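Participant: What follows is a predicted protein model with its sequence.
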Amino acid sequence: MKSPSPGPAGRGFTPAGILDGGSERVFQVLPITVLDNMRSAGSEGSLLWNLIYPRAQPRLSLRTLLDLRPLWGSLAEVGDDRLIPYYWGYSVAGERLPALDDSLAAVAGRDDLLEIDLLLVGASNLVVVEAKHQAAPGMCRRYYAGRCPEIHEGARGPCRYWEGELPPFASALDFGQRPAPGGERPPCADHYQLARCLLLARQLSLRLGLQSHLWLIIPERRWPDLQKGWLEFAESVSAEEDWRHLRVLAWESIERMKAST
């Protein structure tokens, strides 16, 4: 994975959209792309920080999060756990989550960028969070640009997610047959980002010895537009253990949680 460009270390830079915790060391190491996104309080990055940070002092209760009414998700039979948040892979102290970079490389390779918005790490559980505000979970840019190595003539390939004795997508998801020229649009084209997040959750949890969860957090008003795509993705998840730990939460539910004291 390409190393992200660090923030302006040592300059005490705090993005304008951050309401609390601007002195934390994490702002010295976050990638410039993340810091740029935090320039307004309504941006995706600042929304994530402003809602999670004051409720995670010093940690978040997994049970409290699971007790929130989800937009989608089953009743998880999981005990409480005290979760440490890692924002874009970093703790508030600016420390990189152990095993994350090796897991990212194992999933996406070292020449690709797979960025996870929020990781919640406890003694027994790992929650991988994809946070969205205005956008939807990402599709495969190569496919929609006519550069899918499995389908489009002249594209560089093959696709790492369909290679090997047990291809990564086939190991975790029921996406059907390997894409081929002349076929219908493959499911991996529509569910590319969530599929890679699931692969990372499985890989990282294996390395850390934790139970993996994959959650999507969105504005409540966006659920009608995103529900169909989420249901298609969830139905494609092969392992029941993975499926039972999928969840969709509304930002509004988290906002109603009391800040830590």
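Facilitator: Arrived safely.

Participant: low pLDDT regions in the stretch 1-150 of the chain?
Facilitator: Filtered on pLDDT under 70, the stretch 1-150 of the chain yields the residue ranges 1-13, 111.

Participant: Where do the strands of it begin and end?
Facilitator: Along the stretch 1-150 of the chain, counting by DSSP state E, counting those that start in this stretch, strands occupy 60-61, 82-87, 118-121, 125-131.

Participant: Tell me which helix or strand comes right after whichever strand or helix holds L206.
Facilitator: Using DSSP states H and E, L206 falls within helix 192-208. Beyond helix 192-208 on the C-terminal side, the first helix or strand identified by DSSP H and E is strand 211-218.

Participant: Give me the helices and strands touching that next one, please.
Facilitator: Applying 3 or more C-beta pairs under 8 Å, 6 or more residues apart in numbering; DSSP states H and E, one finds that strand 211-218 contacts strand 125-131, helix 192-208, helix 223-236, strand 246-250, helix 251-255. No exception for glycine: its C-beta is placed from N, CA and C like everyone else's.

Participant: For burial, what's the neighbour tally of L19?
Facilitator: 13 (other C-beta atoms under 10 Å).

Participant: My understanding was that it contacts I52; is that so?
Facilitator: No - L19 is beyond contact range of I52, at 11.9 Å (criterion: C-beta atoms under 8 Å).

Participant: show me what contacts Q177?
Facilitator: Shown in contact with Q177 (C-beta atoms under 8 Å, 6 or more residues apart in numbering): G183.

Participant: SS state for it?
Facilitator: Recorded secondary structure, Q177: coil (DSSP: H, G, I helix; E, B strand; the rest coil).

Participant: Please tell me how far it sits from P167.
Facilitator: Distance from Q177 to P167, counting by C-beta to C-beta, to the nearest Å: 11 Å.

Participant: next one: I151
Facilitator: In terms of C-beta to C-beta, I151 sits 15 Å off from P167.

Participant: So if I had to pick from the two, which one is more boxed in?
Facilitator: Higher neighbour count among I151 and P167: I151, with 20 against 17, using other C-beta under 10 Å.

Participant: Quick check, E153 in contact with R147.
Facilitator: No - under the criterion of C-beta under 8 Å, E153 makes no contact with R147, lying 10.2 Å away.

Participant: From the neighbour counts alone, determine which of the two ranks first.
Facilitator: Taking other C-beta under 10 Å, E153 and R147 do not tie; R147 has more neighbours (15 against 6).

Participant: which one is that one nearest to, not counting chain neighbours?
Facilitator: Ranked by C-beta to C-beta, 6 or more residues apart in numbering and with sequence neighbours excluded, the top spatial neighbour of R147 is A155, at 4.5 Å.

Participant: give the contact list for the one you found.
Facilitator: A155 makes contacts with R142, G146, R147, C148, P149, as judged by C-beta under 8 Å, 6+ apart.

Participant: which of the residues you listed lies closest to H213?
Facilitator: R142 (28.3 Å; C-beta to C-beta).

Participant: isn't that closest one right up against I151?
Facilitator: No - using C-beta under 8 Å, R142 makes no contact with I151, being 9.5 Å away.

Participant: who does the helix holding L206 touch, helix- and strand-wise?
Facilitator: Under the contact criterion of 3+ C-beta pairs under 8 Å, 6+ apart, helix 192-208 touches helix 100-108, strand 125-131, helix 168-172, strand 211-218, helix 223-236, helix 240-244.
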